[in-house]
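Engineer: Predicted model and sequence follow; I will ask about them next.
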Amino acid sequence: MSDLEKIYGVHAVEAMLRHHPKRVKQVWLADGRSDPRVQPLLELAAQSRVKVGQCERREMDAWVEGVHQGVVADVSPSQVWGEAMLEELLERCEGPPLLLVLDGVTDPHNLGACLRTADAAGALAVIVPKDKSATLNATVRKVACGAAEVIPLVAVTNLARSLEKLQQRGLWVVGTAGEAELEVYQQDMTGPTVLVMGAEGKGMRRLTREHCDYLVKLPMSGSVSSLNVSVATGVCLFEAVRQRNNKRQVKSSK
């Protein structure tokens, strides 16, 4: 069917079967692939009555670009959410929300890695501009190792306006910039926080920067001037996690 997408890799296909089984129309395994790593995947497929077929690896190589691990699935098109989903998530959120904004990240590998990290850090959603940004595809899903099926990816038409709306709801917008005076470790991120990461190489756009309440940087001691955006995202998100955990521990000890 022409309207189907292909996703690949053991973790990505298993996550799709676990979280969105109705979207999976067919699972393909490379000839002879029946090792223990794919058994949970096969059990999930059987539970959801999803067909499992076999084909040659070279045929899979022609289907997808990347390391498919001998596992490919035909699924209904990817779901990218609009701002209405963001409003719904904030309404349901218990405790101070943590949102990640990627301002023009175009590399699908970076988007996939950021989705994986955001999910691990307990972020509510990942927000991207609709234009000039990577979106969900097979590469993103493979790199995200299942996180793309769990954490909502929200695409907005006007990022600056969306940041304003979040500020009106009481969230603080923290942007990352190499020239900032404050280090991320000095910034309080225990409250409702929107963390904004800039694009590969260019950083945040001017209008996005102007809508930030605070600017922070990562201390760079070596010869390189910056980190890959997905690595920097991980450092910043888990600093927020560390601060929030410490705050909870202090409260519980009183």
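Structural biologist: Nice, thanks for sending it over.

Engineer: Residue 235 contacts residue 184, correct?
Structural biologist: Yes - counting by CB atoms under 8 Å, a contact exists between residue 235 and residue 184, whose distance comes to 7.2 Å. Quick note: C-beta positions are derived from backbone N, CA and C, even for glycine.

Engineer: Those two - which one has more neighbours?
Structural biologist: Between residue 235 and residue 184, counted using other CB atoms under 10 Å, residue 184 has the larger neighbour count: 21 against 14.

Engineer: thinking again about what came up before, between residue 235 and residue 184, which contacts overlap?
Structural biologist: When CB atoms under 8 Å, 6 or more residues apart in numbering defines a contact, the residues bordering residue 235 and residue 184 alike are residue 218.

Engineer: What ranges does the chain have for its helices?
Structural biologist: Counting by DSSP state H, residue ranges of the helices within the chain are 10-19, 39-47, 57-63, 83-92, 108-120, 138-144, 159-168, 206-210, 229-253.

Engineer: Let me have those in TSV, extended by mean pLDDT.
Structural biologist: Conversion of those to TSV gives the following (pLDDT from 0 to 100):
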stretch	mean pLDDT
helix 10-19	88
helix 39-47	93
helix 57-63	89
helix 83-92	91
helix 108-120	96
helix 138-144	87
helix 159-168	96
helix 206-210	95
helix 229-253	92
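
Engineer: Name all residues that make contact with residue 73.
Structural biologist: When contacts are counted by CB under 8 Å, 6+ apart, residue 73 touches 6, 7, 8, 13, 16, 17, 24, 25, 26, 27, 28.

Engineer: Let's have these in CSV, adding neighbour count.
Structural biologist: Formatted as CSV, the entries for those read as follows, by neighbours: other CB atoms under 10 Å:
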residue, neighbour count
6, 17
7, 27
8, 23
13, 29
16, 23
17, 25
24, 21
25, 14
26, 16
27, 25
28, 22
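
Engineer: Just say which of the helices of the chain is most tucked in.
Structural biologist: Ranked by average neighbour count under the criterion mean count of other CB atoms under 10 Å, the helices of the chain are headed by helix 138-144 at a mean of 26.

Engineer: ok, residues contacting that helix?
Structural biologist: Contacting residues not belonging to helix 138-144 are listed as 5-9, 11-12, 16, 64-67, 78, 108-109, 111-113, 115-116, 119, 134, 148-149 [CB under 8 Å, 6+ apart].

Engineer: Send me that helix as PDB with only the CA atoms.
Structural biologist: Backbone C-alpha positions of helix 138-144 (Å, rounded to 0.1, in the frame of the first residue of the first chain) are rendered in PDB as follows:
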ATOM      1  CA  ALA A 138      12.200   5.800   9.700                       C
ATOM      2  CA  THR A 139      15.700   7.100  10.600                       C
ATOM      3  CA  VAL A 140      14.300   9.200  13.500                       C
ATOM      4  CA  ARG A 141      12.400   6.200  14.800                       C
ATOM      5  CA  LYS A 142      15.400   3.900  14.500                       C
ATOM      6  CA  VAL A 143      17.700   6.400  16.400                       C
ATOM      7  CA  ALA A 144      15.000   7.100  19.000                       C
END
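
Engineer: chain center to it, what's the gap?
Structural biologist: Using CA atoms, centre = their mean, to the nearest Å, we find the averaged C-alpha position of helix 138-144 to lie 10 Å away from the chain's own average C-alpha position.

Engineer: who are the neighbours in contact with the closest residue to residue 179 other than its chain neighbours?
Structural biologist: By the measure of CB to CB, 6 or more residues apart in numbering, the closest residue to residue 179 outside its immediate chain neighbours is residue 217, 7.3 Å from it. Residues touching residue 217, when contacts are defined by CB under 8 Å, 6+ apart, comprise 176, 177, 178, 179, 180, 181, 182, 183, 184.
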